[in-house]
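Trainee: Show me how the following folds:
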Amino acid sequence: MKRIGVLVAVMVAAVVLASAVALAATNVQSSPKQAKFRVTLNGFAVNQETWDHALEVDGKRDEVFIRYDTRLVNNEATTLLASHDRTKVMGDTNGFTDRVQAGSASSLGGLKTGDTFPTSTPWQLSGSIMFDRPPIKLFEGPLTEGKTGVAITPTIWEWDGGTDIFNSWGQLIVDNGPEIAQAVANFINGPSVPGTPTNGDFIKTNLETGLPALFELASGITGQAKDRPIGLTPDEGGYNFNSKSLILTYETATLATQNDFGKGRGVLAIDFQDSADIGGGQYTAYIQIVRVDEPPTITSLRPTPGSQITDRTPAIGATVRDAKTELAKSNISLSVDGQNITTFAYNRDTDRLAYIPNSNLSLGQHTVRVTARDASSLTKSTRWSFKIVQL
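Mentor: The predicted model follows:
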């Protein structure tokens with residue numbers, strides 16, 4: 001009876017232990033994936049010039065500038081960063097020395113139908129990223145899976161000199177900040193993109209991003225000396241401006257970088273279209289998403305690459321580190337002379353890999369390879385050799 005009681009006690013203890021292990025396993029969560037992305041507006045195309053001021057007092061044909069508003073948000077709809085900026089005016093520089101020459105309407109520029117900027121292939125990133133004209137950087141930073149997302153609202157403005165509408169647009173962005181943040185949070189917490197992604201999975205309308213249409217504009221706004229956004233649509237005797245925004249989460253940004261939507265990997269097109277009754281002006285801006293993470297680094301190699309040593313059981317080591325991921329041994333592989341080694345040690349506090357062979361290595365050349373893979377699947381591999389010589 002005593003043996004049966006002991007056996008039952010052991011069995012109960014085993015069941016309790018197994019349950020505890022299972023419960024602990026269900027509570028273990030891997031760190032969310034994170035990656036750093038850069039978003040650039042590479043250039044634009046003038047598909048149809050706008051209805052300009054009748055006397056062209058602002059310059060030949062169109063003169064435009066770009067404003068962009070960026071809002072980084074977490075999954076609880078808290079704004080982590082909000083910023084905005086604008087380019088210089090691009091077009092005819094005659095009498096306007098602070099402009100950027102663009103277009104072919106005259107020898108000094110002016111944007112007309114068929115023009116592109118800054119090159120004939122405005123969807124391609126050409127030259128250095130600029131701060132006052134395309135190609136311009138709209139956003140650069142990390143996005144974390146299920147945690148953060150960013151809304152980028154680029155707008156193209158036809159310049160005529162009056163800033164009333166432009167200033168009102170800026171205030172509208174500020175006033176609707178909480179609604180924009182909530183819209184981005186909804187995308188962060190929402191379902192994954194089903195099937196093959198399309199341009200529409202990334203470019204969202206004003207109503208989808210928490211922005212109402214800009215207040216009703218007077219019916220005679222076109223042709224007046226006032227800056228106004230391209231993309232006006234008629235509404236009850238006036239016009240509304242319906243903006244478009246690029247919404248990126250870790251998941252959608254990753255998808256964008258992996259797909260070609262017709263103009264190259266990660267390149268998206270945003271159209272700005274005036275209604276036909278005001279000339280049907282249409283511009284297309286080309287925005288590119290690229291991943292700019294750094295892979296892990298592997299440094300401080302031992303034995304020193306190219307060295308000659310006499311120790312037949314040398315200490316083999318390397319510092320293996322990643323800027324975003326706290327690496328573990330499972331992220332690292334080691335081989336010596338093509339033979340996979342699993343008995344190495346990795347100190348997560350010092351980022352140091354260490355291995356000492358348990359038997360003498362032969363005299364002659366030996367090759368070591370260390371490979372590290374971070375949580376974002378970025379991989380770094382380093383190979384080096386040393387020679388063991390007779391003492």
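
Trainee: I'd assumed Val368 was in a strand, is it?
Mentor: Yes - Val368 sits within a strand when classified using DSSP: H, G, I helix; E, B strand; the rest coil.

Trainee: what number of residues lie near it?
Mentor: One way to gauge burial is a neighbour count; for Val368, by other C-beta atoms under 10 Å, it gives 23. Where you see a C-beta, it was placed from the backbone N, CA and C, and this is true even at glycine.

Trainee: for it, what are its contacts?
Mentor: 301, 316, 334-336, 383-386 (C-beta atoms under 8 Å, 6 or more residues apart in numbering).

Trainee: So what sits opposite Thr79 in the bridge?
Mentor: Val73 (DSSP bridges).

Trainee: ok, back up a step: could you list which of the contacts of Val368 belong to strands?
Mentor: Using DSSP state E, the subset of those located in strands is 301, 316, 334-336, 383-386.

Trainee: Dump those residues to a markdown table, plus neighbour count, distance to Thr87 and pLDDT.
Mentor: What follows is these, written out as a markdown table (neighbours: other C-beta atoms under 10 Å; distance: C-beta to C-beta, whole Å; pLDDT from 0 to 100):
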| residue | neighbour count | distance to Thr87 | pLDDT |
| --- | --- | --- | --- |
| Leu301 | 19 | 47 | 97 |
| Ile316 | 23 | 54 | 98 |
| Leu334 | 23 | 50 | 98 |
| Ser335 | 14 | 51 | 98 |
| Val336 | 16 | 55 | 98 |
| Arg383 | 13 | 46 | 97 |
| Trp384 | 19 | 48 | 98 |
| Ser385 | 14 | 52 | 98 |
| Phe386 | 20 | 54 | 98 |
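
Trainee: and these as CSV, adding distance to Arg133?
Mentor: CSV is the format used below for the ones in strands among the contacts of Val368 (distance: C-beta to C-beta, whole Å):
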residue, distance to Arg133
Leu301, 45
Ile316, 52
Leu334, 49
Ser335, 50
Val336, 54
Arg383, 44
Trp384, 45
Ser385, 49
Phe386, 52
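
Trainee: Check what pLDDT Gly146 gets.
Mentor: Note on Gly146: pLDDT of 94.

Trainee: and it, what is it in contact with?
Mentor: 32, 75, 188-189, 250.

Trainee: State the mean pLDDT of stretch 277-297.
Mentor: Model confidence over stretch 277-297 averages 92 on the pLDDT scale.

Trainee: for it, the distance to its chain's centre please.
Mentor: On the basis of C-alpha atoms, centre = their mean, to the nearest Å, the separation between the geometric centre of stretch 277-297 and that of its chain is 11 Å.

Trainee: From one end of it to the other, what's the distance?
Mentor: One end of stretch 277-297 to the other measures 59 Å (C-alpha to C-alpha, to the nearest Å).

Trainee: Quick check: buried residues in it?
Mentor: Burial within stretch 277-297, assessed by neighbour count using 16 or more other C-beta atoms under 10 Å, is assigned to 278-279, 281-291, 293, 295-297.

Trainee: Likewise for stretch 331-342?
Mentor: Within stretch 331-342, the residues that qualify as buried by neighbour count (16+ other C-beta under 10 Å) are 331-334, 336, 341.

Trainee: How about stretch 234-251?
Mentor: With burial defined by 16+ other C-beta under 10 Å, the residues of stretch 234-251 counted as buried are 239-251.

Trainee: Would you check which pair of those lies furthest apart?
Mentor: Between all members of the buried residues of stretch 234-251, the longest pairwise span (C-beta to C-beta) is found for Tyr239 and Tyr250 and amounts to 37.1 Å.

Trainee: Would you mind measuring from the nearest residue to Thr382 once chain neighbours are set aside to Leu378?
Mentor: Leaving aside its sequence neighbours, Thr382 sits nearest to Ile298 (C-beta to C-beta, 6 or more residues apart in numbering; 4.1 Å). Note on Ile298: its distance to Leu378, by C-beta to C-beta, to the nearest Å, is 13 Å.

Trainee: Compare neighbour counts for those two and give me the winner.
Mentor: Each of Ile298 and Leu378 had its neighbours counted (other C-beta under 10 Å), and the higher figure belongs to Ile298 (22 against 17).

Trainee: dump the residue contacts of the more buried one.
Mentor: Ile298 makes contact with 318-320, 370, 372, 380-382, according to C-beta under 8 Å, 6+ apart.

Trainee: Find the pair from these with maximum spatial separation.
Mentor: When these are compared pair by pair using C-beta to C-beta, the farthest-apart members prove to be Thr319 and Ser381, with a separation of 15.0 Å.

Trainee: Those two: which is more packed in?
Mentor: Shown here are Thr319 and Ser381; by other C-beta under 10 Å, Thr319 has more neighbours (16 against 13).

Trainee: and that one, what is it in contact with?
Mentor: Counting by C-beta under 8 Å, 6+ apart, Thr319 touches 297-300, 350-353.

Trainee: State the distance from it to Leu81.
Mentor: For Thr319, the distance to Leu81 equals 33 Å [C-beta to C-beta].

Trainee: Leu301 too?
Mentor: Relative to Leu81, and taking C-beta to C-beta, Leu301 is found at 39 Å.

Trainee: go on, Arg71?
Mentor: Applying C-beta to C-beta, the value for Arg71 to Leu81 is 7 Å.

Trainee: These two: who's more crowded?
Mentor: In this comparison of Arg71 against Leu81, neighbours counted by other C-beta under 10 Å, the higher total goes to Arg71 at 25 against 12.

Trainee: Name the SS class of that one, please.
Mentor: Relying on three-state DSSP, one would call Arg71 strand.
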